[in-house]
Every structure is written in structure tokens, then in C-alpha cells.
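> Sharing a model prediction with you, sequence too.
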Amino acid sequence: MIRDGLESLDNSKKLFLEIDKVSLHLEEKKMDLAKSEKQLKNRETQIEAERKKFELFKKWLKAIIIKMKVTLLVLFVGFLLISASLQADAKRLISEKKQKLMMTESSRLLSERNNMEPKTKTSSTPESDGDDDGERNESYGKYGNSNGSNSASHHFYPNDKKPSN
């Protein structure tokens with residue numbers, strides 16, 4: 001019986017040792033679990049920070065895209081305005097060239113017509129060289145003014161005295 005009691009005591013001791021081992025193992029697992037939870041929380045915090053960075057990047061990228069669209073729109077409108085201005089200048093220049101050409105053609109036709117008309121009055125006055133307008137100077141060689149004014153009113157004398165001829 002003592003032997004049984006000792007054996008029972010020995011079994012109880014083994015059982016307590018086994019319980020201590022399991023308890024230690026359980027504590028280690030609790031510590032591992034707490035460590036894993038802490039790591040998981042840290043990882044969740046990192047993921048949240050990365051998500052915020054990504055959201056900021058998306059907003060920044062949208063702002064850049066909007067600025068690029070506005071810049072392209074402004075450049076396109078500027079190109080259209082410059083193109084319209086150049087086209088208007090070209091039309092004006094073409095119009096001026098046509099008008100100049102028409103005036104040249106018209107004056108050429110008039111001079112041809114004047115040259116073809118028979119001359120009714122013969123004059124001994126020489127015709128001026130380089131006068132392309134085809135008009136004759138009827139007052140050449142005549143003195144005095146046909147409208148009644150005299151030539152004295154058209155001259156300036158520095159000493160207020162008319163020079164004697």
C-alpha cells in the first residue's frame with residue numbers, strides 16, 4: 001500500500017510535470033499569437049499607409065492629366081487663332097495683289113486707249129519723258145495761273161524782300 005501510495009505520488013508528480021510542460025507550451029503559443037497579432041496590426045497599418053499614398057498619387061495623376069488637357073486645349077486654340085490670323089493676312093495680301101494688278105492693267109489699258117485716240121491738237125511742246133499716266137500738260141509754257149492766283153503768293157523770301165530780276 002505504501003508502495004501504491006508512492007507509486008500514486010510518483011504518477012501525480014509526473015502528471016504535474018506534464019501539466020507544467022503543457023502550460024509552458026500554451027504560454028509560448030499565447031506569446032507567439034500576441035506577436036503574430038502585433039505583426040498583423042503593423043502590416044495592416046502599412047497597407048493603410050500604402051493605400052493613402054496610392055489615393056494621393058491617383059489625385060495627383062488626375063490633376064496632371066487635367067492640366068495636360070487644358071494645356072493642349074489652349075495650344076489648340078492658339079494654333080487655330082494663329083492659323084486664322086495668317087489666313088486673314090494671306091487673303092488681304094492676295095486681295096491687295098489683285099487690286100494692284102487690276103490697277104496696273106487698268107492704267108495700261110487707259111494708256112493704250114490714249115495712244116490710239118487721234119490727236120486733234122498738234123503742239124510744239126516736248127512731251128516729258130517718264131510720264132506714264134498718259135496725260136498731257138496743257139499749262140506747259142504758259143505763264144500765270146488759270147485759277148486766278150498769282151505765283152508771287154507761292155514763294156517764300158528769307159529777308160521779306162522780293163529779289164529784283
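Great, that's in hand.

> Any stretches of this protein with poor pLDDT?
Filtered on pLDDT under 70, the chain yields the residue ranges 1, 116-134, 137, 139-158, 160-163, 165.

> all helices for it, in order.
Counting by DSSP state H, the chain has helices at residues 2-116.

> Spatially central, which residue of it would that be?
In the chain, the C-alpha nearest the mean C-alpha coordinate belongs to Leu75, at 3.6 Å (CA atoms, centre = their mean).

> can you pull the contacts of it?
For Leu75, no contacting residues are found, by CB atoms under 8 Å, 6 or more residues apart in numbering. C-beta: built from backbone N, CA, C; applies to glycine.

> what do you get for Glu112?
Not one residue lies near Glu112 by CB under 8 Å, 6+ apart.

> same thing with Leu9?
For Leu9, the contact set (CB under 8 Å, 6+ apart) is empty.

> Could you check how far it is from Leu15?
Separation of Leu9 from Leu15 (CB to CB, to the nearest Å) stands at 10 Å.

> How about Arg51?
Arg51 is 52 Å from Leu15, by CB to CB.

> How about Thr71?
82 Å.

> and what of Ser85?
103 Å.

> again with Ala90
Noted for Ala90: a distance of 109 Å to Leu15, by CB to CB.

> What of Arg92?
Applying CB to CB, the value for Arg92 to Leu15 is 113 Å.

> Repeat that for Ser111.
Per CB to CB, Ser111 is found 141 Å from Leu15.

> what's the answer for Glu135, then?
Distance from Glu135 to Leu15, counting by CB to CB: 144 Å.

> Ok, Lys98 next?
Distance, Lys98 to Leu15, using CB to CB: 121 Å.

> And for Arg43?
Separation of Arg43 from Leu15 (CB to CB): 41 Å.

> next one: Met103
Per CB to CB, Met103 is found 129 Å from Leu15.
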